[in-house]
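[1] Model the following, please.
(2 chains)
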Amino acid sequence: MNRYVNIGLAFGMSAFLGAAAHLSAQAKPQTAKPSMESSQAGSTVNLGAIRIPRAVKAGGESLAAGTYQVRVTETPATPQAPGQTPQYERWAEFMRDGKVVAREVVTIVPASDIKQVAEQTPPPAGGYRTEVLKGNDYLRLWINRGGNHYLVHFNI
Amino acid sequence: MSRRFGILALAGALFLFTGDAKAQAPAGMEETVRPATTSIYGDTGLWFVPTGEVLRDGTWSASAYRLNWDVRQGFTDISHFEGTFAYGVKGRAEIFGAVRFITRIDRDTRPIFGFGGEKYGGVDNGYPYVREGWIGNKFGDTFLGAKVNLLSESRQNPVAIAVRGIVKVPTGSADNQSGTGKLDAQFDFIVSKEIAQTAEVSGSIGYRHRGDPDEYDLSSGIPFGIGAQFPTRSALKFTTEWYGEIFSNDVVTRTVSPAPASIIGVDGSVPLVTSDLPLQSTLMFGATFQTSKGLFFGGGLNWSAKAEDREDVGVDSDDNFGTRFGWQFRIGYHPGVAGIPVALPPPPPPSVAAPAPQHTLTVDAQCNPCTVEVGGTSKLTATAQDSIGCVITYQWSAPTGSFANPAQQNTAWTAPNTPGTVPVTVTGTCPTDNMKASDTVNIQVVPRVVKTMTFEDVYFDFDRYTLTDAAQRILAQAVEAMRADPTLRVRIEGHTCSIGTAEYNLALGDRRARSVQQYLVSNGIAADRLTTVSFGEEQPKYDNSREETRRLNRRAAMTVQLVAGN
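    A predicted model of the protein is given here:
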């Protein structure tokens, strides 16, 4: 008898937790905000090792092709641009051997809004992609991680 | 008599046979001329031997010869000084003549006649009236003739063939011992060829009829000759010949008896009734120098085969040159004969006139500024591109407004007092060919701005056109201002950064401007007070080379213009 009671309690708990999780998801606003787990103010998000396939300009400085550790800082881009969402424009750092070698502003787009921004198929979750834009003017680094899309547009 | 007439008639017929064909090169070929010399009768030939070619039409030749040979009868040395002349007729014939102005005959046998019997002591077939040891300088015979060319290498025949007729006019007389006093006639058939432009070989054979004087029966004969001259195209050329005559009789017969005084030797010896007449056979070798103009002179040596050395039979001689040898000399002029034609070089391609350079003229008109207030001034500039370097003249025109210098390349234009679009046209003209080109710019004439008010820009997120709360707060200020002053009209400009295509950005800028417009309308601002324009990425306010500033170009700007009269 106890055996069946335990099984029933387990199912009941599972159903409760599943329903709670579903309700929690439905309660998110339509205009998504960046996932706070990774881009909250005061927190730095490590995007992992990224290979830049060609030399670019980052923050106006040269950045050689190569593999860098990329992290998004909590620092928003300045100056303030009334109408823009400060959390969406933050500084990213490109590091090699533990040292920051370049900085560039990264645009953050919640996954729910990405189709409004880019028609292309995003890189898979946890992955990234680089692509040359507008002939040979820009190199876009597109990282899909943690429920956000991080777009860095380097001048070439 | 009838036979003589027949020979003359033959000669005349030959002359008439020259025909009307004028030697000329075939189409596409060019006539050439090669050197030639005269024969002793004046026609074209090697020396004693004629050739088959003739003088070209209308050309002439002339020469002087010193001829000399020996005959066995009387060990006689015969010499002539003669002049020749020839004239070319229609390129197919030539008429010629030779006059032996001086005839000298030296007979060495003593007594004059009878020494050595019929072999040496008789008379010569050509000069039977010689009856003294030295006749002195006497006028000799004259020869007139015509030669008709039947085939010619100049007409691309393999050989030259001609027939020749000669009449001996007896200007030398029996009385002065320089002739027979009778007419002779001769006909020859001649074949010749120039081989490889190096050597000309020729051969002739004919018949010579001798008129018989009263006292002798002379022998006619078959004259022949063969020879070569080489190198034909060289200034110095050599001639070698073998010529002679095969007589129809082997003796010359005195036909009167007793011998009249007129033929008896000065020493009283009487000519024999018959005199041996051997074959006349002579070898000759000569050299001739000829200039490129045709003048020539030469000397030669001949050897009479049938003559004999008089010393062998005990005859004294003052002929230091031997009793078989004779020497020749000649000088003259021959313009040459027609050679083998050569192919004309292909005519040069027709000169194609260089195409006249195509004249292109373009004119470009520019205005600065292109939007002016009523009564304002725009600076107009014309730029012409002309392919031939014309000095372009300009003429500006417009339906309204006025030009400071309408005929200048650059001018100022003053706008009218009425707003609107004014097409301003410049026409460039090239005076050389009156070619014209025009270009038109449209100048926007706008009302004079009295007051300008600019609101704070509204910014957008990357690739967005929705208005955030912060944006709406800025727009609220504009709404308030426009409500306060109904005369305000706002132009809303949409801008983008430079990422994305120009077309996409133009559309995005338009969406941003319209987003602002909709917000203002939704807040009670009449739509007719609002205009929108998208500049896309074309008017960046900030540096697009780095994202830090590039993001500031994602904006909408609102410009308020209060114009005069509103």
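[2] And the strand or helix carrying A:K115, what does it pack against?
    With secondary structure defined by DSSP states H and E, A:K115 is part of helix A:114-117. Where contact means 3 or more CB pairs under 8 Å, 6 or more residues apart in numbering or on different chains; DSSP states H and E, helix A:114-117 is packed against strand A:148-155. In short, each C-beta sits where N, CA and C put it, glycine included.
[3] what's the strand it packs on packed up against?
    Using 3+ CB pairs under 8 Å, 6+ apart as the contact test, the elements touching strand A:148-155 are strand A:56-58, strand A:99-110, helix A:114-117, strand A:138-145, helix B:547-550.
[4] Now the weakest link among those, please, by mean pLDDT.
    When these are compared on mean pLDDT, helix A:114-117 scores lowest, with a mean of 86.
[5] on that earlier part again, let's have the helices and strands packed on strand A:148-155 in CSV, adding mean neighbour count and distance to B:T432.
    Converted to CSV, the helices and strands packed on strand A:148-155 look like this (neighbours: other CB atoms under 10 Å in any protein chain shown; distance: least, CB to CB, whole Å):
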stretch, mean neighbour count, distance to B:T432
strand A:56-58, 22, 53
strand A:99-110, 21, 60
helix A:114-117, 15, 60
strand A:138-145, 22, 51
helix B:547-550, 22, 53
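[6] Just send those back as CSV, with distance to B:T282 too.
    CSV is the format used below for the helices and strands packed on strand A:148-155 (distance: least, CB to CB, whole Å):
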stretch, distance to B:T282
strand A:56-58, 113
strand A:99-110, 120
helix A:114-117, 125
strand A:138-145, 112
helix B:547-550, 120
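[7] which stretch among the ones you listed comes nearest B:L144?
    Nearest of the helices and strands packed on strand A:148-155 to B:L144, taken as CB to CB: strand A:138-145 at 112.3 Å.
[8] tally of neighbours for B:A557?
    Residue neighbour count, defined by other CB atoms under 10 Å in any protein chain shown, stands at 21 for B:A557.
[9] Hmm, it is touching B:A478, no?
    No. Using CB atoms under 8 Å, B:A557 makes no contact with B:A478, being 11.0 Å away.
[10] Give me the contact list for stretch B:521-538.
    B:475-476, B:479, B:482-483, B:486, B:488-498, B:500, B:502, B:505-510, B:512-514, B:516-517, B:520, B:544, B:553 (CB atoms under 8 Å, 6 or more residues apart in numbering or on different chains).
[11] just those residues that are near chain A?
    Applying CB under 8 Å from any CB of the partner chain to the contacts of stretch B:521-538, one finds that B:498, B:500 fall near chain A.
[12] Can you tell me which of the contacts of stretch B:521-538 end up in helices?
    Of the contacts of stretch B:521-538, the ones assigned to helices by DSSP state H are B:475-476, B:479, B:482-483, B:502, B:505-510, B:512-514, B:516-517, B:520.
[13] thinking again about what came up before, and the contacts of stretch B:521-538, which of them are buried?
    B:475, B:479, B:482, B:488-490, B:492-498, B:500, B:505-510, B:512-514, B:516-517, B:520, B:544, B:553 (16 or more other CB atoms under 10 Å in any protein chain shown).
[14] What parts of the stretch 51-200 of chain B come near chain A?
    Within the stretch 51-200 of chain B, no position lies close to chain A (CB under 8 Å from any CB).
[15] residue ranges of the strands in the stretch 51-200 of chain B, please?
    Taking DSSP state E, counting those that start in this stretch as the test, the strands found in the stretch 51-200 of chain B are B:60-71, B:76-89, B:93-107, B:142-151, B:160-169, B:184-195, B:199-209.
[16] how about TSV for the ones you listed, with mean neighbour count added?
    TSV is the format used below for these (neighbours: other CB atoms under 10 Å in any protein chain shown):
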stretch	mean neighbour count
strand B:60-71	21
strand B:76-89	22
strand B:93-107	23
strand B:142-151	23
strand B:160-169	23
strand B:184-195	21
strand B:199-209	21
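[17] Using JSON lines, lay out the ones you listed together with mean pLDDT and distance to B:G28.
    Shown next, in JSON lines, are these (pLDDT from 0 to 100; distance: least, CB to CB, whole Å):
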{"stretch": "strand B:60-71", "mean pLDDT": "94", "distance to B:G28": "30"}
{"stretch": "strand B:76-89", "mean pLDDT": "95", "distance to B:G28": "24"}
{"stretch": "strand B:93-107", "mean pLDDT": "95", "distance to B:G28": "26"}
{"stretch": "strand B:142-151", "mean pLDDT": "96", "distance to B:G28": "21"}
{"stretch": "strand B:160-169", "mean pLDDT": "96", "distance to B:G28": "22"}
{"stretch": "strand B:184-195", "mean pLDDT": "96", "distance to B:G28": "22"}
{"stretch": "strand B:199-209", "mean pLDDT": "96", "distance to B:G28": "26"}
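[18] ok, B:S402 - contacts?
    By CB under 8 Å, 6+ apart, B:S402 lies in contact with B:413-414.
[19] And it, what's its pLDDT?
    For B:S402, pLDDT reads 94.
[20] where does the chain dip in pLDDT?
    I'll assume chain A. For chain A, the stretches with pLDDT under 70 are A:1-42.
[21] my question was about chain B
    Looking at chain B by pLDDT under 70, you get B:1-26, B:311, B:314-322, B:353-354, B:356-357, B:449-452, B:561-566.
[22] Which stretches in it count as helices?
    Remark: helices assigned in chain B by DSSP H are B:2-16, B:117-120, B:469-484, B:502-522, B:547-550.
[23] between the fourth one and helix B:469-484, how many degrees?
    Between the axis of helix B:502-522 and that of helix B:469-484 there is an angle of 60 degrees, by axes from the mean of the first three to the mean of the last three CA atoms, to 10 degrees.
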